[in-house]
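S.K.: Provided below are the primary sequence and the corresponding predicted coordinates.
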Amino acid sequence: QGRPIILGQIENELGSDQQQELEELQKYANWCGDLVQELQPDVVWTMCNGLSASNTINTCNGYGAVSCSKDWIEHHGQSSRIQKEHPALWTEDEGGFQIWGSNASHPSDYFWGQSSQKMALDALHWFARGGSHLNYYMWYGGYNRGSMA
């Protein structure tokens, strides 16, 4: 039946290289933040790896010690509030995955091929630098990515 929900994610990887687009996207991020105030369940809400609303926690996704545990934590996330006002949450430790039915000896370009030892070391670096939460992305289960489902 599952357990209590403690975190929710309202948006993922919201951003742009264009300043005008960033301003519009920030308005959308703020709207998302307003929306979660009205939603149930009443939990902590996150926005992953990009722009975030002031009432959500900006979280990291990526793979490797540099992408999340070093650069992201040291710059206090994209919101500049991580480890100041908010905990450091790594919601997608992306080790990659094998596409269903593909040959493991000839992986697709979507497989990053992180070994379990490398992922464990990255997790240790994350917590050593002050990280407080980590989800392994695609540890087990499904992923609907077009024809890969």
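M.R.: The structure has been received and is ready for your questions.
S.K.: What is the host helix or strand of D34 packed up against?
M.R.: If you go by DSSP states H and E, D34 is part of helix 19-38. Here helix 19-38 touches strand 7-12, strand 44-48, going by 3 or more CB pairs under 8 Å, 6 or more residues apart in numbering; DSSP states H and E. Heads up, the C-betas are built off the backbone N, CA and C, glycines and all.
S.K.: now these in TSV, with distance to T91, mean pLDDT and mean neighbour count?
M.R.: TSV is the format used below for these (distance: least, CB to CB, whole Å; pLDDT from 0 to 100; neighbours: other CB atoms under 10 Å):
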stretch	distance to T91	mean pLDDT	mean neighbour count
strand 7-12	7	87	17
strand 44-48	5	90	21
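S.K.: As TSV, the ones you listed with distance to G131 would be great.
M.R.: Below are the helices and strands packed on helix 19-38 laid out as TSV (distance: least, CB to CB, whole Å):
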stretch	distance to G131
strand 7-12	15
strand 44-48	14
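S.K.: so which of these gets nearest R81?
M.R.: Shortest distance between R81 and the helices and strands packed on helix 19-38, using CB to CB, is found for strand 44-48: 11.8 Å.
S.K.: Sheet partners, orientation included, of the closest one?
M.R.: The pairing partners recorded for strand 44-48 under DSSP bridges are strand 7-12 (parallel), strand 57-62 (parallel).
S.K.: Can I get those in a markdown table including distance to S132?
M.R.: Listed next are these as a markdown table, based on distance: least, CB to CB, whole Å:
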| stretch | distance to S132 |
| --- | --- |
| strand 7-12 | 12 |
| strand 57-62 | 11 |
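S.K.: closest to P41 out of the ones you listed?
M.R.: strand 7-12 (7.1 Å).
S.K.: between the closest one and helix 19-38, how big is the angle?
M.R.: 150 degrees (axes from the mean of the first three to the mean of the last three CA atoms, to 10 degrees).
S.K.: With just CA atoms, put strand 7-12 into PDB.
M.R.: Output in PDB follows, covering the C-alpha atoms of strand 7-12 (Å, rounded to 0.1, in the frame of the first residue of the first chain):
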ATOM      1  CA  LEU A   7       8.300  15.100  -0.600                       C
ATOM      2  CA  GLY A   8       6.600  16.100  -3.900                       C
ATOM      3  CA  GLN A   9       8.100  17.400  -7.100                       C
ATOM      4  CA  ILE A  10       6.200  20.000  -9.100                       C
ATOM      5  CA  GLU A  11       8.700  20.700 -11.900                       C
ATOM      6  CA  ASN A  12      11.900  19.400 -13.400                       C
END
